[in-house]
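A.B. asks: Mind folding the following:
(one chain, ligands or ions: 2)
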Amino acid sequence: MTIQLKGIAASPGIAIATVLRLEKDDYVPVATAVEDTTAEQARFRLAVTLASEETEQLRKQTAERMSTEKAEIFEAHLLVLEDPEFIDVILEKINDERVNAEFVLQEVAQTFIDILQGMDDTLLQQRATDVADVRNRIMNALRGKKQTADTLANINEDTILVASDLTPSDTVRLNLDYIRAIVTEVGSRTSHTAIMARSLEIPAIVGVGLGLAEVKDGTTVIVDAIEGVLLVNPTEAEVVDYQAQKRNYEERRKVLRLLVNEPTLSRDGKQVQLAANIGSVADVSKALANGAEGIGLFRTEFLYMGRATMPTEEEQFRVYSHVLEQMQGKPVVIRTLDIGGDKKLPYLPLPFEENPFLGLRAIRLCLDREDLFRSQLRALLRASVYGQLKIMFPMIAIVEELRKAKLILQEEKDKLLAEGIAVADAFEIGIMIEVPAAALAADSLAKEVDFFSIGTNDLIQYTMAADRMNESISYLYQPTHPSILRLVRMVIDAANEEGRWVGMCGEMAGDESAIPILLGLGLHEFSMSASSILPARAQIADLSQADWSLHAEKMLRMGSSRDVKAYARSLTDNIVTE
Ligand code: PEP
Ligand code: MG
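C.D. replies: Ligands and ions are numbered 1, 2, ... in the order given. Reported below is the predicted structural model:
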């Protein structure tokens, strides 16, 4: 009978093969007295040299096979191997305690691991894995033992690797020609194994738990790393079913990957832009790898959060210029600070408000605290020469707010130029449309901006008068309600009238049920989480903009979201009712 085990789908894909278990080496050294401590120290030094050579080789391999970023793990290992606090302490202990190197290594490494694991910082906790990895490598060299990694490199048939966990060095040595999937007992979506598996594009399920211990070598399993399910000893019918699912999945991935560098075109040739929403520099590479044609929303408030002091102008400049540089001339919409509402800063005390979402938030706060705003604008202006910057103001409700923000921006630009600091000759200025008043007055606002980006997360909240954080009224979050569609249409029409472009950076832009309607309404740019971009590009390629423009027209006149959805369903089911 098939046994099903659940875990965390850490790297997507489906695989069917037999299991190879990577058993934990539970060697525990015992203390043995040594006579010649100098010789023992020399033996330890030699083991460290061997471990360093091997690490250097792993670093090179990783840089070649994955990326220099991934190879940084091994640079960290090399630092541990050279760290006098680690190595010299061991050498001294061998001499002072007159015991064998294996025992001292185990003891000292464990002290380091315990200290690191006790730290609050998750990055430092991760370093404990690095120390354990280095310890194992030196230990194996001392014992003249072949690395597990060598076993891994020698695998020569289709294999599902099952282990308690994998160290980074294990993962790098995997023979990718034969390892079809990885399943581990421990781990989370952000553990080393998960990150490495995603980067190698090997399906992986992590955190399966102790039940995995029962899965023996040679057992046939199905790894469904889309759902995070492991089927042990599957039936013939299950194998056939999953083989078909695997083929479909791989076909789809292949097709999607072909679209990375392609423009986004509807079936009838209408071009739109697909951009990514980001919250940090680290998100940029993911955006590019997923075919983003630009950054449609950089939520800068994340730079201000999770820290004890305000980021300086210089810090911000470094971040903005780095993002612009990495995007290599592709458009980057950077939104000025959107704090207040549900986002608070520990170092910026704000007066108590009965209704923070209706209070001193975003541009309102920036216009109230000009010092804050000016420092961010200066950083943005200085960064503007590094790429195609577009500055966006959030939560604009009335034109006076926009004018004031633009005035302050102009003042800071003039000051910088007077100081001899370079600022781009031209960059676009836009606003988010997320307050219904702005959507209703989009025609006049369009005369004073270069672009709009519709923030549906807030636009829906304010239109429906339904707090986006309140679960009990979440039924009112209805992106395809005709009231919302009419506002979107109004904004698009107003932008078109003035020859401006209009995007959307709320969640609705990446929602596959909303995409056809937005395409039909004539939206120019869709900004979404990076992982939604390629599926959206494929979806749009199948849609006729002209047809959906007619469908959207009908939907605008409907009375409820339910009617809109029913109509959309009837279209996909090909039973169009007039
Ligand atoms: C929005 O409101 O749709 C939006 C994109 O901004 P945020 O979610 O950051 O408020
Ligand atoms: Mg918003």
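A.B. asks: Return the distance of T300 relative to ligand 2.
C.D. replies: The gap separating T300 from ligand 2 is 13 Å, by CB to the ion, to the nearest Å. For the C-beta atoms, the positions are set from N, CA and C on the backbone; glycine is no exception.
A.B. asks: so that residue touches I334, yeah?
C.D. replies: Yes. Here T300 reaches I334: they are 6.2 Å apart, a contact under CB atoms under 8 Å.
A.B. asks: Spit out the residues that contact these two alike.
C.D. replies: Common neighbours of T300 and I334, counting by CB atoms under 8 Å, 6 or more residues apart in numbering, are absent.
A.B. asks: residues from this structure in reach of ligand 1?
C.D. replies: Residues of the chain found near ligand 1 (CB under 6 Å from any ligand atom) are 297, 299, 338, 434, 455-458, 505-506.
A.B. asks: so what's S560 up against?
C.D. replies: 481-482.
A.B. asks: After the lowest-mean-pLDDT helix or strand in the chain, which helix or strand is next?
C.D. replies: Least confident element among the helices and strands of the chain, by mean pLDDT, DSSP states H and E: helix 148-153 (a mean of 62). Beyond helix 148-153 on the C-terminal side, the first helix or strand identified by DSSP states H and E is strand 159-163.
A.B. asks: helices or strands next to that next one in the packing?
C.D. replies: strand 14-22, strand 179-184 (3 or more CB pairs under 8 Å, 6 or more residues apart in numbering; DSSP states H and E).
A.B. asks: just checking, what packs against the shortest one?
C.D. replies: Strand 179-184 is packed against strand 14-22, strand 159-163, helix 192-200, strand 204-206, strand 220-224, with contacts defined by 3+ CB pairs under 8 Å, 6+ apart.
A.B. asks: can you list the weak-confidence ranges in the stretch 401-550 of the chain?
C.D. replies: Nowhere does the stretch 401-550 of the chain drop to pLDDT under 70.
A.B. asks: Can you show me the helices along it?
C.D. replies: Using DSSP state H, counting those that start in this stretch, the helices of the stretch 401-550 of the chain run over 436-440, 442-445, 456-464, 482-498, 515-521, 530-541, 545-556.
A.B. asks: Comparing these, which comes out most buried?
C.D. replies: Across those, the average number of neighbours (mean count of other CB atoms under 10 Å) peaks for helix 515-521, which reaches a mean of 25.
A.B. asks: Name the residues that touch that one?
C.D. replies: For helix 515-521, contacts defined as CB under 8 Å, 6+ apart pick out 266, 270, 272, 480, 485, 488-489, 492, 504, 508-509, 526, 536, 539-540, 543, 545, 547-553, 555, 564, 568.
A.B. asks: Can you give me the domain assignment for this structure?
C.D. replies: 1-236, 264-577 (automatic domain parsing).
A.B. asks: for ligand 2, what are the nearby residues on the protein?
C.D. replies: 434, 455, 458 (CB under 5 Å from the ion).
A.B. asks: 8 Å instead?
C.D. replies: Within reach of ligand 2 by CB under 8 Å from the ion, the chain has these residues: 338, 362, 394-395, 432, 434, 455, 457-458, 506.
A.B. asks: tell me the contacts of A552?
C.D. replies: 485, 489, 517, 520-521.
A.B. asks: what pairs with I222 across the strands?
C.D. replies: I16, L231 (DSSP bridges).
A.B. asks: show me the contacts for it.
C.D. replies: Counting by CB under 8 Å, 6+ apart, I222 touches 14-16, 230-231, 234, 238-239, 242.
A.B. asks: which of the residues you listed are buried?
C.D. replies: 14-16, 230-231, 234, 242 (16 or more other CB atoms under 10 Å).
A.B. asks: got those residues as JSON lines, with distance to Y347 and pLDDT columns?
C.D. replies: Shown next, in JSON lines, are these (distance: CB to CB, whole Å; pLDDT from 0 to 100):
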{"residue": "I14", "distance to Y347": "48", "pLDDT": "96"}
{"residue": "A15", "distance to Y347": "49", "pLDDT": "97"}
{"residue": "I16", "distance to Y347": "54", "pLDDT": "97"}
{"residue": "L230", "distance to Y347": "46", "pLDDT": "97"}
{"residue": "L231", "distance to Y347": "51", "pLDDT": "97"}
{"residue": "P234", "distance to Y347": "56", "pLDDT": "97"}
{"residue": "Y242", "distance to Y347": "53", "pLDDT": "97"}
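A.B. asks: from those residues, which is closest to L417?
C.D. replies: Proximity of these to L417 (CB to CB) peaks at I14, which lies at 57.7 Å.
A.B. asks: State the pLDDT value of the closest residue in space to the closest one that isn't next to it in sequence.
C.D. replies: Nearest residue to I14, sequence neighbours excluded (CB to CB, 6 or more residues apart in numbering): K246, at 4.1 Å. Per-residue pLDDT puts K246 at 96.
A.B. asks: Y304 now?
C.D. replies: 90.
A.B. asks: Let me know the distance separating it from L365.
C.D. replies: According to CB to CB, to the nearest Å, Y304 stands 11 Å off from L365.
A.B. asks: What residue in the stretch 201-350 of the chain comes nearest to ligand 2?
C.D. replies: In the stretch 201-350 of the chain, no residue comes nearer to ligand 2 than D338, which is 6.2 Å away by CB to the ion.
A.B. asks: what secondary structure does that residue sit in?
C.D. replies: With DSSP: H, G, I helix; E, B strand; the rest coil as the basis, D338 sits in coil.
A.B. asks: I figured it was touching R361, is that so?
C.D. replies: Yes. If you go by CB under 8 Å, D338 and R361 touch, sitting 7.2 Å apart.
A.B. asks: And the two? Which one has more around it.
C.D. replies: D338 (25 against 21; other CB atoms under 10 Å).
A.B. asks: wait, what's in contact with the residue positioned nearest the centre of the chain?
C.D. replies: Centroid-nearest residue in the chain, with CA atoms, centre = their mean: D283, separated by 5.5 Å. For D283, the contacting residues are 276, 530, by CB under 8 Å, 6+ apart.
A.B. asks: got it, and Q273?
C.D. replies: Neighbours of Q273 in contact, by CB under 8 Å, 6+ apart: 264, 293-294, 296, 331, 503, 524-526.
A.B. asks: can you tell me which helix or strand it belongs to?
C.D. replies: Per DSSP H and E, Q273 falls inside strand 271-278.
A.B. asks: Could I get the buried residue list for the next helix or strand after that strand?
C.D. replies: Using DSSP H and E, the helix or strand that follows strand 271-278 in sequence is helix 283-289. Under the neighbour-count criterion of 16+ other CB under 10 Å, helix 283-289 has 283-284, 287-288 buried.
A.B. asks: Nearest residue to the closest residue to ligand 1 within the stretch 151-300 of the chain in space, please, no chain neighbours.
C.D. replies: Using CB to the nearest ligand atom, the single residue of the stretch 151-300 of the chain nearest to ligand 1 is R299, 5.3 Å away. Excluding the flanking residues, the one nearest R299 by CB to CB, 6+ apart is G279, at 4.9 Å.
A.B. asks: Give the burial count for that neighbour, as a bare number.
C.D. replies: 14.
A.B. asks: show me what contacts it?
C.D. replies: 298-299, 302.
A.B. asks: Which pLDDT value belongs to it?
C.D. replies: Reported pLDDT for G279: 89.
A.B. asks: What distance do you get for it to L550?
C.D. replies: 37 Å.
A.B. asks: next one: T37
C.D. replies: 87 Å.
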